[in-house]
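>>> Attaching a predicted model along with its sequence, questions to come.
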Amino acid sequence: MNIVTCIAPVNIAVIKYWGKRDEKLILPLNDSISTTLCTEQMHAKTTIMASSEFTEDRIWLNGREESFDNPRLKSCLEGMRRLAQEQGGSGEGSNTWHIHVCSRNNFPTAAGLASSAAGYACLAYTLKELYSVKGDITAIARQGSGSACRSLHGGFVRWHKGSAADGTDSVAKQIAPSSHWPELRILILVVTNQKKLTSSTFGMQRSVETSELLKYRVSHCVPDRVEAMVEAIKNKDFETFAEITMKDSNQFHAIGLDTYPPAVYMNDVSHTIARVVHRYNCVKGANKVAYTFDAGPNACLYMLESEVPAVLGLMKHIFPPRPEHVQYVRGLKTETQSISQEVLSSLGVEPQQTGLLMEMILTKLGEGPERLTDPKDHLLTEGGLPK
């Protein structure tokens, strides 16, 4: 018997991946850039046990047993076993043994917070540790969930679309580690934890088939945007970083509307958040906050550490919690600054009804996956069943 437990981070794209040139290999139409978030606040956790006594492969996701008959799941497992064989071994256990997998997220799943990316990155990394595989595994993680390859690195990451038909050059590489910009902070505004109506996979396929704007984005917008974003990151130029991030998010959701039938991911609360950010930046005379929305209504706000108290105070004022809400803000500890009446008047946005936000999560940049060595961290019992 062999058992391994790992955690992997969430990554949030600032230059979006939307559209594939190859559905089976999950090869993207364009490069994308993301930030890796700290695992202390948000992560996927996976335990894999291999045993000669298991009669079949089994998997439990967030407390429910799911079918192992999933092409993407099988692709990751077969790819890692093949790599282990090519490297001359499979670690402590034979890679012909069946496995039991248990995975949990400590954040909402399928709600537009990159849960599948963290989950498949964690699966791939845990298999890598189980079979003692060496080298880059981003191409294998990519075949589970495209964005998963970005969660295998920390800090700022670029997923290169590649040009090879077999996808061998479609890999993720780090632009800069989290230590490069330590004062950058990320505030997640959780609008809902409900599963989105249109999955990313289905919405993406529909956009490729029907959106003229997507074709223009891929050929004219993204190439220049990616290079400008790389420079902004290297120079720690928040003004440019913020502008590109917001423009790319807006264009991504415009493609959703240009899709037929439309794939709508933002809601009224999302649009109010975007409006508050633009008005706040206008009052401040510079881009102090940037928003981005993945395929869901939840917002990811970027800012420098010095801006956090004011932004937290503003969001609490505009989106007050329900009276019974015990922990409205979790994550990194920080103060909250009251917003002056003058600034509030300039913003022109009235407080919304209570409870529109479920919670706020304050986090920072983090590193890639890691293996946990304490047996207490395992999600499976010695018999291979969820704890």
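Perfect, thanks for sending it.
>>> Show the contacting residues for A254.
Residues near A254 by Cβ atoms under 8 Å, 6 or more residues apart in numbering: L213. Any C-beta I mention is one placed from the backbone N, CA and C, and that applies to glycine too.
>>> Surely it is in a strand?
No: per DSSP: H, G, I helix; E, B strand; the rest coil, A254 lies outside any strand segment and is helix.
>>> Give me the helices and strands touching the helix or strand where R185 lies, please.
Taking DSSP states H and E as the definition, R185 sits inside strand 184-190. Judged by 3 or more Cβ pairs under 8 Å, 6 or more residues apart in numbering; DSSP states H and E, strand 184-190 is in contact with strand 299-304, helix 308-318, strand 359-364.
>>> May I see the ones you listed organised as JSON lines, with mean pLDDT and mean neighbour count added?
Formatted as JSON lines, those follow (pLDDT from 0 to 100; neighbours: other Cβ atoms under 10 Å):
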{"stretch": "strand 299-304", "mean pLDDT": "98", "mean neighbour count": "23"}
{"stretch": "helix 308-318", "mean pLDDT": "96", "mean neighbour count": "20"}
{"stretch": "strand 359-364", "mean pLDDT": "95", "mean neighbour count": "20"}
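>>> which stretch among the ones you listed comes nearest V133?
Nearest to V133 among the helices and strands packed on strand 184-190 is strand 359-364; the distance by Cβ to Cβ comes to 29.3 Å.
>>> Which secondary structure state is assigned to the residue located most distally from the centre of the chain?
Distance from the centre of the chain peaks at E342, with 36.4 Å (Cα atoms, centre = their mean). Following three-state DSSP, E342 is assigned to helix.
>>> can you state the direction angle for the strand holding R185 and strand 299-304?
Our comparison of strand 184-190 with strand 299-304, counting by axes from the mean of the first three to the mean of the last three Cα atoms, to 10 degrees, yields an angle of 160 degrees.
>>> can you tell me the average pLDDT over strand 184-190?
Taken as a whole, strand 184-190 carries a mean pLDDT of 96.
>>> Name the strands paired with that strand and say parallel or antiparallel.
Its sheet considered, strand 184-190 pairs with strand 299-304 (antiparallel), strand 359-364 (antiparallel) by DSSP bridges.
>>> Give me the contact list for that strand.
In contact with strand 184-190 (Cβ under 8 Å, 6+ apart) are residues 12, 35, 37, 42, 108, 111, 113, 238, 273, 298-305, 307-308, 311-312, 315, 319, 332, 357-365.
>>> Output it as CSV - backbone C-alpha positions only.
C-alpha atoms of strand 184-190 as CSV (Å, rounded to 0.1, in the frame of the first residue of the first chain):
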residue,chain,number,x,y,z
LEU,A,184,0.2,42.5,-4.1
ARG,A,185,-3.1,41.5,-2.5
ILE,A,186,-6.2,39.7,-3.8
LEU,A,187,-9.7,40.1,-2.4
ILE,A,188,-12.2,37.4,-3.5
LEU,A,189,-15.8,38.6,-3.3
VAL,A,190,-18.0,35.4,-3.2
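>>> With that, I have no additional questions.
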